[in-house]
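[1] Structure here, sequence nowhere to be found:
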């Protein structure tokens, strides 16, 4: 029987992408604390919701280690990259993680080879991502090489985690919340050791509201929906759909922060949407062919 074009895993992936797309717009409004402190607070608060469900914190050791390590390591490398390289360029390199998902899939998941359609869709998405995030003036400079490598490391970690989560022993969703809680504690401890006393008194009431909003959405529920999407879905298709993140993020910045939308964003949107649609539609064709060739 042919699978639906928008099955459960695809819908969960799209929901995650929408949540992640609000991350830049919300985070940019919190200015009183460092990025590491912000990450620690958000992960800590988004993990608090898992405390009442502590009886369901049953997972294999590998699941705990990989998930906590990915949450903490990804954000540590990413925000360190922002300190050692121009933010725009570091963020561009970070958005290679959807491509990393495609590249890691055949290496970590036997039976999931990459086809020409996947590579074409990835190329379209990557091209659109470049157009969304740069203004035709991206120049890699050697003095920023450490920052570039940190951003690349972040992309590798998130891409590898996204694929490895498919191989990890299944765990209840509250375990993801618990991993956020522990990763948040690690981030706050790291900030305390590297940056000094945490600046609680500088955080305004409005910013506390934004932090809670981030904890509930793009860095809270999004981790759970992403985990569920990758656990049951095709990581190649989800990796292609992930290229929608920078596009949606740009549109939200236009709406909320008054950024100017140009032809470059529109053209990039066509490339990204085209690549994502190619990945989804091709999968539907593959399912139909499989149905025709399978025995009754």
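    Nice, thanks for sending it over. Since the model is a prediction, treat every value here as computed from it, not as a measurement. Numbering: from 1, shown residues only.

[2] can you pull the contacts of the nearest residue to residue 226 once chain neighbours are set aside?
    With Cβ to Cβ, 6 or more residues apart in numbering as the criterion, residue 226 has its nearest non-adjacent residue at 4.4 Å, and that residue is residue 16. From N, CA and C alone the C-beta is placed, and that goes for glycine too. Neighbouring residues of residue 16 by Cβ atoms under 8 Å, 6 or more residues apart in numbering: 222, 225, 226, 229.

[3] Out of those, who's the most crowded?
    residue 229 (27 neighbours; other Cβ atoms under 10 Å).

[4] Throw the contacts of residue 16 into a markdown table and include secondary structure, distance to residue 192 and pLDDT, thanks.
    As requested, those are exported to a markdown table (DSSP: H, G, I helix; E, B strand; the rest coil; distance: Cβ to Cβ, whole Å; pLDDT from 0 to 100):
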| residue | secondary structure | distance to residue 192 | pLDDT |
| --- | --- | --- | --- |
| 222 | helix | 26 | 88 |
| 225 | helix | 31 | 89 |
| 226 | helix | 28 | 85 |
| 229 | helix | 34 | 88 |
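
[5] Determine which two of those are furthest apart.
    With Cβ to Cβ as the measure, no two of the contacts of residue 16 lie farther apart than 222 and 229, at 10.2 Å.

[6] thinking again about what came up before, look up phi and psi at the residue nearest to residue 226.
    phi -60, psi -40 (degrees, to the nearest 10).

[7] circling back: just the closest of the contacts of residue 16 to residue 159, please.
    Minimum distance to residue 159 across these is 12.4 Å, recorded for residue 226 (Cβ to Cβ).

[8] Would you check that that closest one makes contact with residue 162?
    Yes. The criterion here is Cβ atoms under 8 Å, and residue 226 meets it with residue 162 at 7.4 Å.

[9] I'd like the distance from stretch 182-196 to the chain centre, please.
    21 Å (Cα atoms, centre = their mean, to the nearest Å).

[10] let's have the chain start at 25 instead
    Let's use 25 as the start, then, which means that last one is stretch 206-220.

[11] Check the burial of residue 211 by counting its neighbours.
    25.

[12] What ranges does the stretch 75-224 of the chain have for its helices?
    Using DSSP state H, counting those that start in this stretch, the helices of the stretch 75-224 of the chain run over 85-108, 111-118, 121-132, 140-157, 169-188, 197-219.

[13] buried sites along the fourth one?
    By neighbour count with 16 or more other Cβ atoms under 10 Å, helix 140-157 contains the buried residues 141-142, 144-146, 148-157.

[14] show me the contacts for the nearest residue to residue 96 once chain neighbours are set aside.
    Leaving out its chain neighbours, the residue that sits closest to residue 96 by Cβ to Cβ, 6+ apart is residue 207, at 4.3 Å. Residues near residue 207 by Cβ under 8 Å, 6+ apart: 67, 71, 92, 95, 96, 99.

[15] rewinding a little: tell me which of the helices of the stretch 75-224 of the chain approaches residue 61 most closely.
    helix 197-219 (4.7 Å).

[16] What residues sit buried inside the closest one?
    For helix 197-219, a neighbour-count test (16+ other Cβ under 10 Å) marks 198-212, 214-215 as buried.

[17] burial measure for residue 194, as a count.
    10.

[18] That one contacts residue 255, doesn't it?
    Yes. The pair residue 194 and residue 255 qualifies as a contact (Cβ under 8 Å) at a distance of 6.8 Å.
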